[in-house]
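# I need the structure of the sequence given here:
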Amino acid sequence: MKAIIAAAALAAVALPAQAQDKFEVKVAAFVGAQHFMSKWLVTWGERLEKASNGRLVFKHFPGAQMAPPPAHYDLARTGRAEVSWFLHGGTPGRFPLTELISLPYMAGSAEIGTKVLNDRQLRSKYLDREHRGIKVLLLLTHQPGNIHTTKVPIRGADDLKGLRIRFAAPTIRDFVAALGGTPVGVQPGEQLERLQKGTLDGTFIDYGGAGIAFKMGGTLKYSTEMYSYVSSFGVGMNPDFYKKLPADLRKLVDQSTAGVEKEVGEGWDALDAIGKKLLIEGGAEAIKLSAAEDARFRKVGQQVVDAKLKELEGKKLPARAVYKSMKGLSAKHAKSSRSFW
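Here you go, the predicted model:
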């Protein structure tokens, strides 16, 4: 009888102990801790820690501590990190349909772009299947980017000819080439050094990235406000880690990124004014395009769109259907979201 009572008591203790198992979540980010998205991920983790009563414990590794930017997707896929924030353009060609959001003049703000990418039907039918080996928690974009240069001001579509310009995604590589520039593939953290050494003449990047994340103030001398493209990113979780979580914690994870598109998008869009201020304080000139030159850039942009859709359809990908869906969603969300256009 004593043995039975002891066993029952042990079982009574064991059940709540099992329910209180803790799970460490390593979160990898490829930019520094001061960046909006790094801070957002910290806040997101704190919310989950609180909601789980401390059963989820987050450790953050900003500044590419765990791997270079191109390897961040694979950090989550392989389980080296439980969660990773990654740049689609860091591995060109791996996410061809998702990166259609980066085609010229697709989305007028991060809020719009992030809402587009997280459309339930678009993701379930096309985008999530490109993210093999991870559980997608959130897709997002930065605010529209501009062309920034060190020596030559870009006041019209002809001014890029012969300039070595860093591109942020394959679609922007094609845009640079179509404008007569020489597209150069450079990882985000290498841009500033290349600009300072003179092996790059300019870069396509958003104001927040240029002024805040990569501290280009004082190096960049001209910023042409085209607001012509957005780069896309993802936040992904290792699927094996997700599966081993108890059902209640899996539910908390699922709920944690539901409906955050406006919050995340507005956060990115707010970086535009801050980053611009830092560049101007460093001596940069902000250039606004005339209506005629803006139209010329947009015309070239549409040529890039048509060529990219033809290229991907030649690979048997449903590019035109995805593009049409994204354009329609972008126009829809532009009615209720901020736009830089």
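
# quick one: residue 28 and residue 69 touch, right?
No. Assessed by CB atoms under 8 Å, residue 28 is found out of contact with residue 69, at 10.1 Å. C-beta here means a position set from N, CA and C on the backbone, and glycine is covered the same way.

# neighbour count for these two, which is higher?
residue 28 (25 against 20; other CB atoms under 10 Å).

# next up, the contacts around the more buried one.
By CB atoms under 8 Å, 6 or more residues apart in numbering, the contact list for residue 28 reads 61, 65-67, 72, 75-76, 80-81, 83-85.

# and with 10 Å instead?
Neighbour list for residue 28: 41, 59-67, 71-72, 75-76, 80-86 [criterion: CB atoms under 10 Å, 6 or more residues apart in numbering].

# selecting buried members of these in ChimeraX, what would you type?
To isolate the buried ones among those in ChimeraX, judged by 16 or more other CB atoms under 10 Å, type:
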select :41,60,61,62,63,64,66,67,71,72,75,76,81,82,83,84,85,86
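
# out of the contacts of residue 28, which are inside helices?
Of these, the ones assigned to helices by DSSP state H are 41, 72, 75-76.

# which parts of the stretch 201-341 of the chain are strands?
Remark: strands assigned in the stretch 201-341 of the chain by DSSP state E, counting those that start in this stretch are 202-205, 222-229, 232-237, 285-288.

# in CSV: those, plus mean pLDDT and distance to residue 153.
Shown next, in CSV, are the strands of the stretch 201-341 of the chain (pLDDT from 0 to 100; distance: least, CB to CB, whole Å):
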stretch, mean pLDDT, distance to residue 153
strand 202-205, 96, 10
strand 222-229, 97, 4
strand 232-237, 98, 29
strand 285-288, 98, 6
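
# any regions of the stretch 1-150 of the chain where pLDDT drops low?
Along the stretch 1-150 of the chain, segments meeting pLDDT under 70 span 1-19.

# mind redoing it with 50?
Counting by pLDDT under 50, the stretch 1-150 of the chain has low-confidence residues at 1-18.

# any idea of the pLDDT on the closest residue to residue 222 other than its chain neighbours?
Distances taken as CB to CB, 6 or more residues apart in numbering place residue 153 nearest to residue 222, at 4.3 Å, with adjacent residues excluded. Residue 153 is assigned a predicted lDDT (pLDDT) of 98.

# please apply the same query to residue 314.
At residue 314, pLDDT is 98.

# what's the distance between it and residue 271?
Plainly put, residue 314 is 37 Å away from residue 271 if you go by CB to CB, to the nearest Å.

# in terms of neighbours, single out the busier of the two.
Shown here are residue 314 and residue 271; by other CB under 10 Å, residue 271 has more neighbours (23 against 9).

# excluding chain neighbours, what is closest to that one?
residue 208 (2.8 Å).

# please look at the one you found and residue 231 and confirm they touch.
No. Counting by CB atoms under 10 Å, residue 208 does not reach residue 231; the two are 11.1 Å apart.

# got any residues that touch both of these two?
110, 142-143, 145.

# which residues sit in contact with the residue nearest to residue 245 when sequence neighbours are not counted?
Once flanking residues are discounted, residue 245 sits nearest to residue 23: 6.3 Å by CB to CB, 6+ apart. Residues in contact with residue 23 (CB under 10 Å, 6+ apart) are 52, 55-58, 82, 241, 244-246, 249.

# now, of these, which are buried?
52, 55-56, 58, 82, 241, 245, 249.

# now the closest residue to residue 256 other than its chain neighbours: which helix or strand?
Spatial nearest neighbour of residue 256, excluding adjacent residues (CB to CB, 6+ apart): residue 48 at 5.5 Å. When elements are assigned from DSSP states H and E, residue 48 belongs to helix 36-51.

# for that helix, name the packing helices and strands.
Under the contact definition 3 or more CB pairs under 10 Å, 6 or more residues apart in numbering; DSSP states H and E, helix 36-51 sits against strand 23-28, strand 56-61, strand 83-87, strand 135-141, strand 232-237, helix 247-256, helix 261-281.
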